[in-house]
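1. A structural model of the following input is requested.
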Amino acid sequence: MALWALGVLTAINLVNYLDRYVVSAIATPLKGAMALTDTQLGWLTPAFMLVYMVTAPLFGAWGDRGSRTRPIALGVFIWSLATLLSGFAHSYGQLLAGRAIVGIGEAAYVAIAPALLADCFDAKGRGRVYAVLNMAIPVGAALGYIVGGQVSTHFGWRAAFFVAGVPGLVLSLAVLRLPDPPRGVQDGVQPPAAARSGTAGSLAIYLDLLRRWPYMIVVLGYAAYTFALGGLAFWMPSFLERVRHVPTAEATTGFGEIVLLTGFLGTFIGGWLGDFFLRRNAQAYLWFSGVVTLLAAPCALLALTAPSAAVYYPATFVAELLLFMSTGPINATIVNVSGPLERASAVALSMFAIHLLGDVPSPLIIGRVSDLSSLGRAVLVVPLAVAVAGLIWLLAARVNARATPPTAA
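-> Presented below is the predicted three-dimensional model:
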């Protein structure tokens, strides 16, 4: 049943990211059909993310004290329905509202699913578990670019929303049949009969997490990482079209293929290596993530400045490969540094922080700078954010090493 849960939740994560990035694939036809500015396009992701990050703590509290399968199923149904309705939008306001509602549904899944999986698998193998779960991120994002671009080209941008919304409606029913094991069962922890509950208890958990520097510094690094990835994911197809003069279909499909391959390989390799090094060092997840993320920074810079396709395509491939290696280890770190009775809240708070500081502002900032100067200049903030993320995670490894007993796993 544990593998069944991982399979269903991974499939939902794939649809989750297909839904998110289908907007990037159809940005150019949307811009023309609704006469939008780059700033308005840039707001489509923050509108979703703002609602998403505000509701995530509410679902996190629910997931720490009640059923975990029911709120996930409800969330998947809401976002899928909202995606379908986005295809019927006839004004920018309607489209913006549809994307915002999607955030409510996705918040339920993202806040609770990692905590549910933590009670299905042992702590020492969670790097690989979260690598499998998060391999769906690049695959889903790539499908968003590829499917969105191809469907939009042949059937129009509205059809892309329809295709993205239907699978989630089916998966929302499958969630109701997933196991919901006792909290802490994989950590040898017996939940107390009177765990903190209600508004006061949930608030206390969040305040406690905010005071934990070993947890918060990991999250801050994740925010810088998300700023870079969010900005790159949203604007890269447009960058290829407008700055490198790549045809629209080739830009979305080509970048989607790079994300698909590097995401699958990078996430898998990173999860496996993270678990391998964890046998030798308790902070291996953080050391590994910091090093590979720093190595990605110069590759990202080259990808965004080299004028030749023979250079910028390989550089993009290497940068994305290195960036995706951190996905499994960092998510496993956030789960492992929190207790079994607060994991959904810990994931929800990290989601709130990384989106508030990361991919909510980055598409908007890049879009605004692009309107004021050029898109080629605006995207140069991405390599800087990548370097900052790597440095913070190396610092986090040192901080957590001092806070953790040498024998801790």
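2. Report the spatially nearest residue to the residue most central in space within the chain, omitting neighbours in sequence.
-> For the chain, the residue nearest the mean C-alpha position is Ile137 (6.7 Å; CA atoms, centre = their mean). Sequence neighbours aside, Tyr17 is the residue nearest to Ile137 in space, at 5.1 Å (criterion: CB to CB, 6 or more residues apart in numbering). C-betas here are computed from N, CA, C, even on glycine.
3. Remind me which helix or strand that neighbour belongs to.
-> helix 2-25 (DSSP states H and E).
4. Mind giving me the packing neighbours of that helix?
-> helix 38-65, helix 69-86, helix 92-118, helix 126-155, helix 157-175, helix 213-242, helix 248-278 (3 or more CB pairs under 8 Å, 6 or more residues apart in numbering; DSSP states H and E).
5. how far off helix 2-25 does the first one point, in degrees?
-> This points to helix 38-65. Computed with axes from the mean of the first three to the mean of the last three CA atoms, to 10 degrees, the direction of helix 38-65 lies at 160 degrees from that of helix 2-25.
6. Identify the residues contacting the residue nearest to Glu342 when sequence neighbours are not counted.
-> Distances taken as CB to CB, 6+ apart put Ile205 closest to Glu342, at 5.0 Å, once the chain neighbours are dropped. Shown in contact with Ile205 (CB atoms under 8 Å, 6 or more residues apart in numbering): Ala61, Asp64, Arg196, Glu342, Ser345.
7. Go ahead and confirm the second one touches Leu341.
-> Yes - using CB atoms under 8 Å, Asp64 and Leu341 qualify as a contacting pair, with a distance of 6.2 Å.
8. okay, and the common contacts of these two?
-> Common neighbours of Asp64 and Leu341 (CB under 8 Å, 6+ apart) are Arg183.
9. and these two? which has more neighbours close in?
-> The neighbour comparison of Asp64 against Leu341 (other CB atoms under 10 Å) goes to Asp64, with 28 against 20.
10. quick one: contacts for the more buried one?
-> By CB under 8 Å, 6+ apart, the contact set of Asp64 is Ala115, Arg183, Ser202, Ile205, Leu341, Glu342, Arg343, Ala344, Ser345.
11. Pipe the residues you listed into a markdown table and attach pLDDT per row.
-> Listed next are these as a markdown table, based on pLDDT from 0 to 100:
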| residue | pLDDT |
| --- | --- |
| Ala115 | 87 |
| Arg183 | 81 |
| Ser202 | 74 |
| Ile205 | 86 |
| Leu341 | 80 |
| Glu342 | 86 |
| Arg343 | 86 |
| Ala344 | 87 |
| Ser345 | 89 |
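12. And the furthest pair within these?
-> Longest distance between any two of the contacts of Asp64 is 14.8 Å, between Arg183 and Ser202; criterion CB to CB.
13. ok, the two, which is more surrounded?
-> Legend: neighbour count by other CB under 10 Å for Arg183 and Ser202, higher for Arg183 (25 against 21).
14. how much space between the more buried one and Val388?
-> 34 Å (CB to CB, to the nearest Å).
15. in this protein, which ranges drop under the pLDDT threshold?
-> 188-201, 404-409 (pLDDT under 70).
16. coming back round to it: does the residue nearest to Ile137 really touch Ala136, like I thought?
-> Yes - using CB under 8 Å, Tyr17 makes contact with Ala136 at a distance of 6.6 Å.
17. re earlier: give me the neighbour count for the residue nearest to Ile137.
-> Per other CB under 10 Å, the neighbour tally for Tyr17 reads 23.
18. Repeat that for His90.
-> His90 has 9 nearby residues by other CB under 10 Å.
19. Same check on Met135?
-> Residues lying near Met135 (other CB under 10 Å) number 24.
20. Please report how far the closest residue to it other than its chain neighbours lies from Phe324.
-> Distances taken as CB to CB, 6+ apart put Thr267 closest to Met135, at 4.4 Å, once the chain neighbours are dropped. The gap separating Thr267 from Phe324 is 5 Å, by CB to CB.
21. Now for the two: what residues contact both?
-> Ile137, Pro138.
22. relative to helix 213-242, how tilted is the host helix or strand of Gly290?
-> Here Gly290, judged by DSSP H and E, is contained in helix 284-305. For helix 284-305 against helix 213-242, the angle by the same axes, to 10 degrees is 20 degrees.
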